[in-house]
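K.L.:
what's the 3D shape of this:
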Amino acid sequence: MDRIRTVSCFSKLNDEQIEKLKKISVIKKFSAKEILFYEGDAPIYLYVLLQGTLKVYKTNHKGQQIFLHQFYPGGLVAELANFENIPYPATAEFMSESEVLRIDYKALEHDFFKNPDISFEIIKSLIAKHKILIDVIQKEVILTADAKVAKFILENGELFKTLKNTQVASILNLTPETLSRTLSKFKSSGFIELDDKHHIRVLDAQKLEEVL
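P.N.:
Model (predicted):
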């Protein structure tokens, strides 16, 4: 539980406050593919991802997943639902072995929201989520498949070393076949180098940027 101090929201709390926070918190472990919450669930806890990766997605009328965002350690998860007291707008599923700090939200609100440091960090997190939403809208409405892949390579190329192509395709809301064709196209055009393990090395970043 000493890892609570590593979370930016709580890094400035004193020892007494940390002990108080521990009493309303618990660390939970999850396996890959386990669900943290489903779209439509009522928010009871505030979640902080301590270890692992977590994806958030919506499901369309055909039952297909529409990827929205991927969380990494240190981030608050779907805190807007807590803040506005609305059902979770999407489903959260773990992509790897993970640990989550689960905090009783009502107790947190009652005991800690008068603390300016915590309030400021939550506001910053909400602003960041707004930017993520804008990025999702841009990606889905404006960007072509080629542009989605080029943007992902430029911004998150290292993830090709840890994620399977099917996972990357899911993140980009593309079929694995479309992702594979696009990577092959970029390779034959000399934009990237692709080894047998599908690790990517960018050869011409300017050409990838032009795809955008």
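K.L.:
ranges for the strands of the protein?
P.N.:
Secondary structure of the chain (DSSP state E): strands at 25-30, 35-37, 45-51, 54-59, 65-71, 76-77, 91-94, 98-104, 192-194, 200-202.
K.L.:
Quick one: closest of those to V211.
P.N.:
strand 192-194 (11.3 Å; Cβ to Cβ). Any C-beta I mention is one placed from the backbone N, CA and C, and that applies to glycine too.
K.L.:
quick one on the thing from earlier: going by mean pLDDT, which of the strands of the chain comes out lowest?
P.N.:
Note on those: lowest mean pLDDT is at strand 65-71, with a mean of 86.
K.L.:
what pairs with that one, and is each one parallel or antiparallel?
P.N.:
As defined by DSSP bridges, the strand partners of strand 65-71 come to strand 54-59 (antiparallel).
K.L.:
could you give the angle of the partner strand to strand 98-104?
P.N.:
On the basis of axes from the mean of the first three to the mean of the last three Cα atoms, to 10 degrees, strand 54-59 is oriented at 80 degrees to strand 98-104.
K.L.:
Let me see the residues that make contact with strand 54-59.
P.N.:
36, 39, 65-71, 77-78, 89-95, 98, 170-171 (Cβ atoms under 8 Å, 6 or more residues apart in numbering).
K.L.:
I'd like the distance from that strand to the chain centre, please.
P.N.:
With Cα atoms, centre = their mean, to the nearest Å as the basis, strand 54-59 stands 9 Å off its chain's centre.
K.L.:
per-domain residue ranges of this protein.
P.N.:
Domain assignment for the chain by automatic domain parsing gives 2-140, 143-211.
K.L.:
Spit out the contact partners of the closest residue to S180 other than its chain neighbours.
P.N.:
Nearest non-adjacent residue to S180, counting by Cβ to Cβ, 6 or more residues apart in numbering: N165, 6.7 Å away. Applying Cβ under 8 Å, 6+ apart, one finds that N165 lies in contact with P176, L179, S180, H198.
K.L.:
Test my guess that the first one contacts A169.
P.N.:
Yes. The pair formed by P176 and A169 meets the contact definition of Cβ atoms under 8 Å, at 4.5 Å.
K.L.:
So between these two, which is more surrounded?
P.N.:
Regarding P176 and A169, a neighbour count based on other Cβ atoms under 10 Å identifies A169 as having more, with 21 against 14.
K.L.:
ok, that one - contacts?
P.N.:
Applying Cβ under 8 Å, 6+ apart, we find A169 in contact with T175, P176, T178, L179.
K.L.:
what's the burial count for S188?
P.N.:
The tally of other residues near S188 (other Cβ under 10 Å) stands at 10.
K.L.:
coming back round to it: so which of the contacts of A169 is the most crowded?
P.N.:
Note: the member of these with the most neighbours is L179, at 21 neighbours, neighbours being other Cβ under 10 Å.
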